[in-house]
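J.: Return a 3D structure for these sequence lines:
(one chain, ligands or ions: 1)
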Amino acid sequence: MTNNEMYDVIIVGGGPAGLTAGIYAMRAALKTVLIEKGVFGGQMAITKGVENYPGFIEIGGFELGDKFLQHAKAYDLEILEKEVVATEPGLEYHAVRLADDTVLKAHVLILAAGGSAKKLQAQGEQENFGKGVSYCATCDGFFFRGKDVAVVGGGDTALEDALYLAKITNKVYLVHRRDAFRGSRILQQRIFAEPKIEILYDTVVSSIDSDASGVTGLSVQNVKNGENRKLALEGVFIFVGFAPNNQIVPAGVKRSTGGYVITDEKCETDIPGIFAVGDLRQKYANQIVLAAADGCTAALAAAHYVETRKS
Ligand code: NAP
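T.: Next comes the predicted model:
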């Protein structure tokens, strides 16, 4: 089923990159639709507090996401709450296929599908998802009020969420495979100052242990001295990185070894008129402000591209 209406721009994804692209595309008077299958705000929406988005010393992630959405709506951006299952590049136009089999056409596609939490691939992880294993502290932390939990990882997400969980739970074991954290210095300082957090450096997860009601403990091993330890706890929060949601990126588009889309400085892929922005795109760091900047860049470049096509 093809919707014969032709858009200037179709944006796939309603996180900071996609919504910013929407704001700039509407300001450039481009006929634009943004398609989002889940929650607006992307990773922001599941982040408790944001402290590094300029202009806001501290703001709730969900609240900031909603501000982006309201800003885009103020420009009457058309929004479809549907799932995109494929993108199809073409010479005359590019197409987007939705889960209900509708096909939408546009001169420009801006892919802003973001990324998702990586799995640890530990024994007991998959079967205990939702029964003690979680990838989102702000979503599930409440269920572990007053209990003992573990956080696995050493990046910004692990440190930030360990601090969040320390406020709710009785104790947080912070399990990291190396002896130094990758996360920022300011978060490290807060971790070291938090008495409820016990850091287990050089430690890997051997298994997530459970009974019929869910997680009961974590078996870990120190990789330097081989010592094994069993931690009695009820929750395991896994933050071992992030993988791009690249399933809807056309097959021919160049990607990095990690699966991130490689673009030029306009955020354009090697297929003219197809852009990738935000956490989907290969770049130095993943930050809300950088995702928003990508959205801006791609929409400005899209305006130029559409103008050239129409002239
Ligand atoms: P990340 O920076 O990639 O960190 C992943 C962590 O998990 C690393 O410490 C890594 O250990 C560990 N790890 C990876 N695979 C593992 C495995 N198989 N077993 C055990 N540990 C494993 O991911 P992230 O923390 O989700 O952050 C993603 C991006 O978002 C980063 O650019 C980050 O700066 C950004 N972010 C920023 C903020 C903020 O600015 N407030 C908040 C959240 C996220 P190694 O260190 O040994 O590799």
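
J.: Give the full set of residues in contact with L19.
T.: 34, 40-41, 68-69, 71-72, 295 (CB atoms under 8 Å, 6 or more residues apart in numbering). In this view, the C-beta of every residue, glycine as well, is placed from N, C-alpha and C.

J.: Likewise for A150?
T.: Neighbouring residues of A150 by CB under 8 Å, 6+ apart: 172-175, 218, 231, 233, 235-237.

J.: go again using 7 Å as the cut-off
T.: 173, 175, 218, 231, 233, 236 (CB atoms under 7 Å, 6 or more residues apart in numbering).

J.: Spatially nearest residue to it, not counting backbone neighbours?
T.: Y173 (4.2 Å; CB to CB, 6 or more residues apart in numbering).

J.: Any idea how many residues pack against that neighbour?
T.: 21 (other CB atoms under 10 Å).

J.: ok, now A243?
T.: By the criterion of other CB under 10 Å, A243 has 14 neighbours.

J.: Which of the helices or strands spans it?
T.: Using DSSP states H and E, A243 maps to strand 242-244.

J.: Paired strands for that strand, with orientation please.
T.: Taking DSSP bridges as the criterion, strand 242-244 pairs within the sheet with strand 115-117 (antiparallel).

J.: Tell me the buried residues in the strand it pairs with?
T.: Within strand 115-117, the residues that count as buried by 16 or more other CB atoms under 10 Å are 115, 117.

J.: next structured bit after it?
T.: Downstream of strand 115-117 (by DSSP H and E), the next one is strand 133-134.

J.: That following strand near the ligand anywhere?
T.: No: counting by CB under 6 Å from any ligand atom, the ligand has no neighbours in strand 133-134; the shortest distance is 14.0 Å.

J.: which residues sit against that strand?
T.: Contacts for strand 133-134 (CB under 7 Å, 6+ apart): 125, 140, 208, 215, 235-238.

J.: Report the distance from that strand to the chain centre.
T.: In terms of CA atoms, centre = their mean, to the nearest Å, the centre of strand 133-134 is set 17 Å apart from its chain centre.

J.: how about the residue nearest to K171 when sequence neighbours are not counted, what does it touch?
T.: Distances taken as CB to CB, 6+ apart place D148 nearest to K171, at 4.6 Å, with adjacent residues excluded. By CB under 7 Å, 6+ apart, the contact set of D148 is 169-171, 232-234.

J.: Same question for K224.
T.: Here K224 is in contact with D202 (CB under 7 Å, 6+ apart).

J.: Please apply the same query to the one 10 residues further on.
T.: By CB under 7 Å, 6+ apart, E234 lies in contact with 132, 144, 147-149, 215.

J.: Which single residue in the stretch 51-200 of the chain comes nearest to the ligand?
T.: G155 (2.4 Å; CB to the nearest ligand atom).

J.: So for that residue, what's the pLDDT?
T.: As predicted, G155 sits at a pLDDT of 97.

J.: are any of the contacts of D148 buried, and which?
T.: Buried members of those, scored by 16+ other CB under 10 Å, are 169, 171, 233-234.
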